[in-house]
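Predicted model and sequence follow; I will ask about them next.
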There are 2 protein chains.
Amino acid sequence: MESKEEGKAVSQDHLRLLREKNISLTKEKISQSITEDNFISQAINSIHEYEKASNLLGKRLREWYGLYNPAFENVDQILNVQFSAKRGSMGRELSDIDKAPVVELINAIRTLNELKTSTRSYIEQLMKIYCPNLIELAGPTIGAKLLEHTGSLKKLAMLPASTIQILGAEKALFRHLKSGAKPPKYGFIHDHNFIQSGPRKEQGKRARALADKLSLAAKLDFFKGEFLAPKLKKDLEARFK
Amino acid sequence: MESKEEGKAVSQDHLRLLREKNISLTKEKISQSITEDNFISQAINSIHEYEKASNLLGKRLREWYGLYNPAFENVDQILNVQFSAKRGSMGRELSDIDKAPVVELINAIRTLNELKTSTRSYIEQLMKIYCPNLIELAGPTIGAKLLEHTGSLKKLAMLPASTIQILGAEKALFRHLKSGAKPPKYGFIHDHNFIQSGPRKEQGKRARALADKLSLAAKLDFFKGEFLAPKLKKDLEARFK
């Protein structure tokens, strides 16, 4: 009888241990499942939202500030000008009470714009660490545009080279599909030095070759491959000498 | 010949003066056309946009912060907690570089929420000056809700009393129109003391009477009438003794 109870206690102990171990393992797995790509993707998606919020508030500012000075049209102009500056002769003089919420609105828009800028440089920092191949080959501007457009390094790494080639030229692509116009040769990568430095006739070919290597670079980065970007660059240049 | 040229000069002078006078008159008219209602309406509409922007950023924060501590679900909770507080054992430890943009995002949401609060109290200030009848009769909360819902004092003043009565109960109204359910008796004004203090059976009648007086109050305020709210109140109470 006693030994039976003992056995029960042991087995309960055992179960408890098993359960605890299980929970901590699961937690660890959850923790490990969060990769750098999650951070890149959060930051990239946030940029779109900061833009949206800033535009929303900017429209309101333009209307509201317009009561004070209808001649101002441009939000950037309003953001740059001191509120106390001499106003136009149209519009209504604002009391301090009426001014305060507009000034606060201006500051909120500034905050959002600063947030956008600092998040952009955070993305660049992340890219330097986690997408060394992509950033070396594409440069920070085009690299960030490709990532922003697809939403994450994972998604970019999964795309075929032919899609990467025309990312950012969706409008032209759909025009091509719908009305049979010429297909686009390049999207974001159009401004890349490798394409710009070639003769006009060769730019389509160059775009295809570059997109090939960019696709490879994105895959290398996502699957934590070697840093092969300098070799990829050399290959490209050798091909179009 | 000389006198003719002189005459021409005089008439040109005359035209120039006329033109200048015309422009300054037009500018004055534009200036005068901007009424307090424009400020109220700008402020009221901005509140909706601050809410929208804050929700947009809040959703992002919940996701982003979730990488750090998945157990947190509520944005207010995140806003109230210090980032450096002990985190749950799930989620990933964030480096300072990864923390910075999230902290900045938290601050931006706080800025937007403060903007909302201060704009709300600005609206109340304006209402005290420009809608004395409405605020006296409706109280600041219900008064602001009626204004927020319609968008401006002008629009509210133009509404029939029967519409004011059910503002804020649109869902019930459309249910009534579509499926023949009972029509709503009141919207925002439901919480008004005058309705709450009456017996349940009388509340519909009271709502109609109150909406009547509110409509009158809004019209008085918009057309710069007298301050009759105390009399309107007395009338109401006398009717339901």
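That came through, no problem.

Can you list the buried residues in stretch A:100-110?
A:101-102, A:104-106, A:108-109 (16 or more other C-beta atoms under 10 Å in any protein chain shown). For the C-beta atoms, the positions are set from N, CA and C on the backbone; glycine is no exception.

what about the residue of chain A found nearest chain B, which SS state?
Residue nearest to chain B within chain A: A:Ala53 (3.9 Å; C-beta to the nearest C-beta). Secondary structure for A:Ala53, judged by DSSP: H, G, I helix; E, B strand; the rest coil, is helix.

Do me a favour and average the pLDDT over the helix or strand encompassing A:Ala207.
When elements are assigned from DSSP states H and E, A:Ala207 belongs to helix A:203-222. The pLDDT scores in helix A:203-222 average 94.

Stretch A:132-142 now?
On average, stretch A:132-142 scores 92.

does any bit of whatever helix or strand A:Lys8 lives in sit next to chain B?
A:Lys8 is part of helix A:2-33 when elements are defined by DSSP H and E. Yes. Under the criterion of C-beta under 8 Å from any C-beta of the partner chain, chain B is reached by helix A:2-33 at A:24, A:27, A:30-31.

same question for that helix, mean pLDDT?
Across helix A:2-33, pLDDT averages out at 80.

quick one: buried residues of that helix?
Using 16+ other C-beta under 10 Å as the test for burial, helix A:2-33 gives A:Ser31.

burial of A:Leu126, as a residue count?
Number of residues near A:Leu126 (other C-beta atoms under 10 Å in any protein chain shown) recorded here: 23.

show me what contacts the residue nearest to it when sequence neighbours are not counted?
The shortest distance from A:Leu126 to any non-neighbouring residue, by C-beta to C-beta, 6 or more residues apart in numbering or on different chains, is to A:Ile40 (5.2 Å). Contact analysis of A:Ile40 by C-beta atoms under 8 Å, 6 or more residues apart in numbering or on different chains lists A:123, A:126-127, A:130-131, A:147, A:152-153.

Among these, which lie within helices?
In helices, judged by DSSP state H, the following of these are found: A:123, A:126-127, A:130, A:147, A:153.

how about TSV for these, with distance to B:Leu159 added?
Output for the ones in helices among the contacts of A:Ile40, formatted as TSV (distance: C-beta to C-beta, whole Å):
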residue	distance to B:Leu159
A:Ile123	49
A:Leu126	53
A:Met127	55
A:Tyr130	57
A:Leu147	50
A:Leu153	54
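
picking that back up, pick out whichever of the contacts of A:Ile40 sits closest to A:Phe240.
A:Phe240 has its nearest neighbour among the contacts of A:Ile40 in A:Cys131, at 24.4 Å by C-beta to C-beta.

how many other residues sit next to the residue nearest to A:Pro160 when sequence neighbours are not counted?
Spatial nearest neighbour of A:Pro160, chain neighbours left out: A:Ser215 (6.9 Å); criterion: C-beta to C-beta, 6+ apart. A:Ser215: 21 surrounding residues under other C-beta under 10 Å.

A:Ser215 contacts A:Leu167, doesn't it?
No. Judged on C-beta atoms under 8 Å, A:Ser215 makes no contact with A:Leu167 at a distance of 10.7 Å.

Next, show the common contact partners of those two.
Applying C-beta under 8 Å, 6+ apart, one finds that A:Ser215 and A:Leu167 are jointly contacted by A:Leu159.

if we can go back for a sec, for the residue of chain A closest to chain B, grab the count of nearby residues.
27.

Contacts only, for it.
So A:Ala53 contacts A:112, B:52-53, B:56-57, B:112 (C-beta under 8 Å, 6+ apart).

Out of those residues, which two are the most distant from each other?
A:Leu112 and B:Lys52 (13.0 Å).

Between the two, which is the more surrounded one?
A:Leu112 (25 against 15).

tell me the contacts of that one?
Going by C-beta under 8 Å, 6+ apart, A:Leu112 touches A:50, A:53-54, A:57, B:53, B:108.

Quick check: which element contains it?
Here A:Leu112, judged by DSSP H and E, is contained in helix A:96-130.

Then A:Thr163?
helix A:161-166.

helices and strands around that helix, which ones?
helix A:203-222 (3 or more C-beta pairs under 8 Å, 6 or more residues apart in numbering or on different chains; DSSP states H and E).

neighbouring contacts of the helix it packs on?
Against helix A:203-222 from outside (C-beta under 8 Å, 6+ apart): A:37, A:130-134, A:136-138, A:146, A:153-154, A:156-157, A:159-162, A:164-165, A:185-186, A:189-190, A:192, A:194-195, A:198, A:225-229, A:232-233, A:235-236, A:239-240.

Buried members of those residues into PyMOL, please.
Here is the PyMOL command that selects only those of the contacts of helix A:203-222 that count as buried (16+ other C-beta under 10 Å):
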select buried, chain A and resi 37+130+131+132+133+134+136+137+138+146+153+156+157+159+161+164+165+185+186+189+190+192+194+195+198+228+229+232+233+236
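
Helices - which of the contacts of helix A:203-222 land there?
Going by DSSP H, the helices hold A:37, A:130, A:132-134, A:136-138, A:146, A:153-154, A:156-157, A:161-162, A:164-165, A:194-195, A:229, A:232-233, A:235-236, A:239 from the contacts of helix A:203-222.

In CSV: the buried residues of stretch A:100-110, plus pLDDT and distance to B:Gly66.
Shown next, in CSV, are the buried residues of stretch A:100-110 (pLDDT from 0 to 100; distance: C-beta to C-beta, whole Å):
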residue, pLDDT, distance to B:Gly66
A:Pro101, 92, 33
A:Val102, 91, 35
A:Glu104, 93, 30
A:Leu105, 94, 30
A:Ile106, 92, 32
A:Ala108, 95, 25
A:Ile109, 94, 27
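
among these, which are in reach of chain B?
A:101, A:104-105, A:108.

And those, which is closest to A:Glu63?
Nearest member of these to A:Glu63, counting by C-beta to C-beta, is A:Leu105, at 10.8 Å.
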